[in-house]
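**Student:** this is a predicted model, with the sequence first.
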Amino acid sequence: MSTRFSDLGINEELQQGLADLQISVPTDIQEKTIPVVLHQNEDVVALAKTGTGKTAAFGLPLLQLIDVDNTDVQAVILAPTRELGQQIYTNLVSFASHMPSISIATVCGGIPIKPQIERLQSTTHIVVATPGRLADLVKRNAINIKTISYFVLDEADEMVSALKEGLDAIIKDIPKTRRTLLFTATMSGPIKQLVQNYMSKHVVQIEVDMAAVGHQGLDHQYVVVEPIEKLDVLLHFLNSKEGQRGIIFCKTKAAVNKLAKNLAINKFSSGAIHGSLTQGIRDRIMGQFREGYIDILVATDLAARGLDIKDIAYVINYHLPDTYDNYVHRSGRTARAGAKGLALTILQQEEVVDIADFEAELGIVFKVYKKADTKSIEENKALLWAKKIFKTKPNRTISENLRQDVRTVFHHLTKEELIEKVLANYLAQTPLGAPKSGDSKKKKNN
């Protein structure tokens, strides 16, 4: 018989919130973490891949442990990005939909600070924040975190590097008697150092079956291309996945912009996000992707952290990530919550030697993705050309005389004949339509 949330000690109000969300069976990380947070007093280090249900693992017991009669901030949850922070906040509010007395606030960077300061003047039990913004609010005396009981670090492996300054400032300001709950996808050297420096000696370590959960349903593949054919191979793949949603990761902002432009030119339903875009634009693009208005998201690693978007069929590494951690977080965007997914890495020949290192470090196996042949690539270009014509808006500035003259040229052709002639004209200008070897000789001999 499956374990239920009631078996873990979760109260009726939270069970009702979960039922509203159609969540009935706890995941492995939830089953192992919730009783420890609820019924024990030790700090917790939980090692789990993205997509395993970590937010509920710490969020549900925290909500239950809040003393609603105490108006102080009792719990701080830190996330490395505003997108993840907003997602955690939304999930907590949903879980607590039948607990109206609990007050939750989100204070993340990238948006005006004044409304956040005003919000914190009201009773707030739980604060979800990014390190830099929370450190700024503490410095302004806009929030008091000196009496918190619970300190949660989600995606901690990201915060011990780029966000370490803000994290250190916050840790110095919170009480030593708090409980710390640390969640990470990888146990790197900096994470071990953080545990040693800032957590109690008696830490409960929780680890889900990383091989089973982290990679179950996820197919890792790579394809080797020449630089000149890289975009064409990608476009062929994307055309074969029409109607499915995916994320393409690039190493730099410039590469994201360039690839996004090429996808737009070829009429793919796509959008792009990176750190140089305003928060408003990032939120709009993410909203369009989340709601299904666009199918493809092109992004830097900014989007790899913690974003839980349903039905991502594939992830493409247009550039091999710099670290093993980034590969874990990128590929973790697909095959979430028991679904299947593909993580495809596009490599140049000299990069193939790195695959063995990724396999050994992450305990995964890559398969070789069969690259489309030249004929298929050229046929795909023709199909994309046809789609571009189909999606081209009529030019209203063309003179009526020219319109009539062109109609006169084509008026005797059926629709099928016109398509055949236009396609033949296109192919005559491409390698696909070029004369095959020996054709010219045959013509001469005839």
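**Tutor:** Great, that's in hand.
**Student:** every contact and neighbour count from this point should use C-alpha atoms.
**Tutor:** OK.
**Student:** check the gap between residue 272 and residue 319 for me.
**Tutor:** Applying CA to CA, to the nearest Å, the value for residue 272 to residue 319 is 15 Å.
**Student:** now do residue 254
**Tutor:** Distance of residue 254 to residue 319, given as CA to CA: 13 Å.
**Student:** now residue 285
**Tutor:** 22 Å.
**Student:** ok, now residue 182?
**Tutor:** Using CA to CA, residue 182 is found at 30 Å from residue 319.
**Student:** quick one: which of these two has more around it?
**Tutor:** residue 182 (25 against 17; other CA atoms under 10 Å).
**Student:** would that one count as being in a helix?
**Tutor:** No. Assessed with DSSP: H, G, I helix; E, B strand; the rest coil, residue 182 is strand; it does not lie in a helix.
**Student:** doesn't residue 46 make contact with it?
**Tutor:** Yes. Between residue 182 and residue 46 there is a contact under CA atoms under 8 Å: 6.1 Å.
**Student:** can you get me a residue count around residue 401?
**Tutor:** Residues near residue 401, counting by other CA under 10 Å, number 9.
**Student:** and the strands in the stretch 201-350 of the chain?
**Tutor:** 203-207, 218-224, 245-249, 270-273, 296-299, 312-317, 341-347 (DSSP state E, counting those that start in this stretch).
**Student:** export those to TSV and tack on mean neighbour count, distance to residue 326 and mean pLDDT?
**Tutor:** TSV is the format used below for the strands of the stretch 201-350 of the chain (neighbours: other CA atoms under 10 Å; distance: least, CA to CA, whole Å; pLDDT from 0 to 100):
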stretch	mean neighbour count	distance to residue 326	mean pLDDT
strand 203-207	15	20	92
strand 218-224	20	14	93
strand 245-249	26	10	95
strand 270-273	24	17	92
strand 296-299	25	13	94
strand 312-317	23	10	94
strand 341-347	23	13	94
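**Student:** between the ones you listed, which one is nearest to residue 112?
**Tutor:** Smallest distance to residue 112 across these (CA to CA): 19.9 Å, for strand 270-273.
**Student:** what helices or strands is that closest one leaning on?
**Tutor:** Secondary-structure packing of strand 270-273 (3 or more CA pairs under 8 Å, 6 or more residues apart in numbering; DSSP states H and E): helix 253-265, helix 279-290, strand 296-299.
**Student:** what sits up against it?
**Tutor:** Residues from elsewhere that reach strand 270-273 (CA atoms under 8 Å, 6 or more residues apart in numbering): 256-257, 260, 263-264, 282, 285, 289, 294-300, 303.
**Student:** which among the residues you listed count as buried?
**Tutor:** Neighbour-count burial (16 or more other CA atoms under 10 Å) is assigned, among those, to 256-257, 260, 263, 282, 285, 289, 294-300, 303.
**Student:** between these, which is nearest residue 28?
**Tutor:** Distances from residue 28 to those, taken by CA to CA, are shortest for residue 303, at 24.9 Å.
**Student:** quick check, pLDDT for that closest one.
**Tutor:** pLDDT for residue 303: 62.
**Student:** repeat for residue 351
**Tutor:** 94.
**Student:** equivalent analysis for residue 403, please.
**Tutor:** pLDDT, read off for residue 403, is 87.
**Student:** contacts for the strand or helix carrying it?
**Tutor:** If you go by DSSP states H and E, residue 403 is part of helix 400-410. With CA under 8 Å, 6+ apart as the test, helix 400-410 has contacts from residue 418.
**Student:** how near is residue 289 to residue 298?
**Tutor:** For residue 289 relative to residue 298 (CA to CA), the value is 11 Å.
**Student:** could you list the domains of the chain?
**Tutor:** The record's domain split for the chain, according to automatic domain parsing, is 5-210, 217-374, 393-445.
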